[in-house]
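> 3D model of this:
(one chain, ligands or ions: 1)
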Amino acid sequence: MTDARLGVTVTHRRYVPYSHAHYAGNLVDGAYALGLFGDVATEVCIHTDGDEGLFAGYADVRFHAPIHAGDVVQVTARVTRVGTRSRTLELECAVVCRGRPDRSASAAEVLDPPIVAVTATGTVVVPAASVSREE
Ligand SMILES: C[C@H](N)CC(=O)SCCNC(=O)CCNC(=O)[C@H](O)C(C)(C)COP(=O)(O)OP(=O)(O)OC[C@H]1O[C@@H](n2cnc3c(N)ncnc32)[C@H](O)[C@@H]1OP(=O)(O)O
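Residues are numbered from 1 along each chain as shown. Have a look, this model is predicted:
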């Protein structure tokens, strides 16, 4: 029987504030996406186990494209493996909207398709007392 927690998917959207710009061209640092992965993974753990869980590690982090201040990003986590207390997640951060300062200071557009900026595989661990078992 397939574990019902497999495939659980959570998506967050977030406007990237200019206060997070860190490098030339208003780029944000790579750790910004990892912070967003922590938040979306936390909601996954709440759905699967009724606990915020703890991030144990990343097997793979890839920065495919920069994230800029003024972007709107969509962050997705999907459960791909369920261990005893660990859950493996496929994580993606994609830019769905971006500013167009070449048009005007506040101009922006929807990106179709979105730009996949960061992907990762991560493992979260839930406490033994919270582990939800399949009926
Ligand atoms: C998602 C969060 N809400 C948001 C965060 O980002 S939390 C901030 C960053 N994370 C932390 O501060 C966590 C610090 N680390 C810990 O507290 C512990 O190391 C841990 C709780 C993550 C694991 O410790 P422990 O419970 O002693 O682990 P074990 O009993 O050895 O193993 C339990 C299961 O976890 C698997 N596992 C452990 N470490 C790793 C790892 N580095 N990478 C992948 N998997 C790991 C281990 O294999 C066990 O799996 P199963 O229960 O057999 O499925």
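> L6 and R78, how far apart?
Going from L6 to R78 by CB to CB, to the nearest Å gives 9 Å. (C-beta placed from N, C-alpha, C; glycine too.)
> These two: which is more packed in?
Ranked by neighbour count (other CB atoms under 10 Å), L6 and R78 place R78 first, with 17 against 14.
> R5 is in contact with the more buried one, correct?
No - the criterion here is CB atoms under 8 Å, and R78 misses it with R5 at 10.9 Å.
> all strands of this protein, in order?
Listed in chain order, the strands of the chain (DSSP state E) span 9-15, 54-63, 72-82, 86-99, 108-125.
> JSON lines please, covering these and showing distance to the ligand.
What follows is those, written out as JSON lines (distance: least, CB to the nearest ligand atom, whole Å):
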{"stretch": "strand 9-15", "distance to the ligand": "11"}
{"stretch": "strand 54-63", "distance to the ligand": "4"}
{"stretch": "strand 72-82", "distance to the ligand": "8"}
{"stretch": "strand 86-99", "distance to the ligand": "3"}
{"stretch": "strand 108-125", "distance to the ligand": "4"}
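> can you tell me which of those comes nearest to G30?
Smallest distance to G30 across the strands of the chain (CB to CB): 5.6 Å, for strand 54-63.
> Can you give me the neighbour number for the residue of the chain found nearest the ligand?
Relative to the ligand, the nearest point of the chain is G83 (2.1 Å; CB to the nearest ligand atom). Neighbour count for G83, taken as other CB under 10 Å: 11.
> got it, and V116?
Neighbours around V116, by other CB under 10 Å: 14.
> need the contact list for the closest residue in space to it that isn't next to it in sequence.
In space, and not counting its chain neighbours, V116 is closest to A94: 4.9 Å by CB to CB, 6 or more residues apart in numbering. Listed by CB atoms under 8 Å, 6 or more residues apart in numbering, the contact partners of A94 are V73, Q74, V75, T76, P114, I115, V116, A117.
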